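A.B. asks: okay, here's the prediction I keep looking at, along with the sequence it came from:
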Amino acid sequence: MVTHSNQNIMKKILQLFPLWAIAAAMIAYLYPAFLIPFKSTIIPLLMFIMLTMGLTLTAKDFLRVLDNKKAIIVAVCLQFTVMPSVAYFIATTMSLETDLLIGMILVGTVAGGTASNVLCYLAKGDVALSISMTATSTLLGVLLTPLLTTVMIGQVVDIQFSDMLMSLLKIVLVPVAVGVAFNTLFAKSLARSVINTTPILPLLSMLSIIFIIAVIVSLNQPKLENIGLVVLVAVILHNITGLLLGYFIPKRLGFEEKVCRTMAFEVGMQNSGLAVALAMKFFTPAAAVAGTLFSIWHNISGSILAGIWRRSATSSSDDNIA
């Protein structure tokens with residue numbers, strides 16, 4: 001049984017995710033030989049992460065789409081237009097080599113990351129809406145990610161749309177569907193039992209992401225000294241642009257502040273772990289560098305933004321009470 005105090009400890013551990021990710025990346029950079037043999041674990045771990053996401057959702061989360069159609073449609077449109085196009089623009093403007101361009105495109109074309117839900121909660125956004133947006137973009141991404149990737153980099157490298165589609169079905173759709181089904185059928189009975197593991201799912205997911213980051217860093221250790229800074233700059237520009245446009249475009253469209261903050265996280269924070277897995281399966285380890293750095297950076301930027309918005313939301317509440 002997970003106690004309240006243990007939940008608080010796990011919450012604090014999760015909030016320090018960027019530090020754990022940076023520490024793991026540094027260890028992997030210094031001692032790559034220990035982690036290189038674990039290359040084959042990347043895709044199974046990502047499937048596990050998607051399973052944990054499914055275990056936190058029920059069929060009702062998908063039905064919320066009907067209650068927030070306008071916001072979700074706008075968020076999904078921004079997700080699959082802003083992020084891919086900005087990624088392509090930055091990569092081509094910076095004249096990144098083919099492998100790095102591919103990595104940026106993959107980061108831009110995947111769905112929103114589950115970290116957006118956690119940060120939305122910390123920022124006092126609309127968590128239910130965030131979960132609905134992530135679930136919707138994840139399902140649509142099974143089709144849109146390979147389609148957009150083929151359109152944007154099909155001329156640079158030979159990429160098979162059908163192969164990537166089948167991989168996404170296996171890596172994303174099946175694990176999420178299994179998790180949702182299991183949670184829908186057994187959530188109440190598990191919550192009453194001593195084996196309720198739901199509170200530790202985010203922690204297990206975080207540990208999996210950190211291990212994936214470490215493995216990718218170890219595989220790219222020889223190249224990171226030369227390309228790491230360039231790709232990091234590209235990743236930072238990509239993420240910040242996504243957060244800004246994800247906030248200000250909905251603002252101009254008349255959405256309320258809480259919804260705009262929610263959409264900013266959903267658009268600006270990508271499922272970079274999936275981008276890494278696709279890069280490793282269909283391309284090269286160098287193509288996974290962008291996804292690896294994005295995994296670290298977007299949690300740092302997102303945590304900072306969530307803290308700022310949380311304080312402003314608290315201040316507003318205090319002013320209203322006064």
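C.D. replies: Structure's in. What do you need? Numbering: from 1, shown residues only.
A.B. asks: quick one: the helices in the stretch 151-300 of the chain?
C.D. replies: Ranges of helices within the stretch 151-300 of the chain are 161-168, 174-191, 201-219, 221-252, 257-268, 272-282, 289-321, based on DSSP state H, counting those that start in this stretch.
A.B. asks: residue 164 and residue 148 touch, don't they?
C.D. replies: No. Residue 164 is beyond contact range of residue 148, at 10.4 Å (criterion: Cβ atoms under 8 Å). The C-beta positions use only the backbone N, C-alpha and C, and glycine is treated the same way.
A.B. asks: which one of the helices of the stretch 151-300 of the chain lies closest to residue 49?
C.D. replies: Closest approach to residue 49 among these (Cβ to Cβ): helix 201-219, 5.0 Å.
A.B. asks: and for residue 183, the neighbour number?
C.D. replies: 19 (other Cβ atoms under 10 Å).
A.B. asks: check contacts around it.
C.D. replies: Contacts for residue 183 (Cβ atoms under 8 Å, 6 or more residues apart in numbering) come out as 54-58.
A.B. asks: which of the residues you listed ranks first by neighbour count?
C.D. replies: residue 54 leads the contacts of residue 183 on contacts (other Cβ under 10 Å) with 25 neighbours.
A.B. asks: and residue 256, what does it touch?
C.D. replies: By Cβ under 8 Å, 6+ apart, the contact set of residue 256 is empty.
A.B. asks: what does it show for phi and psi?
C.D. replies: Per-residue torsions, residue 256: phi -70, psi 160 (degrees, to the nearest 10).
A.B. asks: gap between the nearest residue to residue 246 once chain neighbours are set aside and residue 92?
C.D. replies: Excluding its sequence neighbours, the residue lying closest to residue 246 (Cβ to Cβ, 6 or more residues apart in numbering) is residue 267, at 2.9 Å. In this view, residue 267 and residue 92 are 21 Å apart by Cβ to Cβ, to the nearest Å.
A.B. asks: likewise for residue 48?
C.D. replies: Here residue 48 is placed at a distance of 35 Å from residue 92 (Cβ to Cβ).
A.B. asks: neighbour count winner among these two?
C.D. replies: In this view residue 48 and residue 92 are compared by other Cβ under 10 Å, and residue 48 has more residues nearby, 16 against 11.
A.B. asks: and the more buried one, what is it in contact with?
C.D. replies: By Cβ under 8 Å, 6+ apart, the residues touching residue 48 are 175, 204-205, 208.
A.B. asks: hmm, which of the residues you listed is lowest in pLDDT?
C.D. replies: Scanning the contacts of residue 48 for pLDDT, the smallest score is found at residue 205, 76.
A.B. asks: how near is that one to residue 182?
C.D. replies: 16 Å.
A.B. asks: ok, residue 151 next?
C.D. replies: According to Cβ to Cβ, residue 151 and residue 182 sit 35 Å apart.
A.B. asks: just residue 34 next, same as before
C.D. replies: Note on residue 34: its distance to residue 182, by Cβ to Cβ, is 34 Å.
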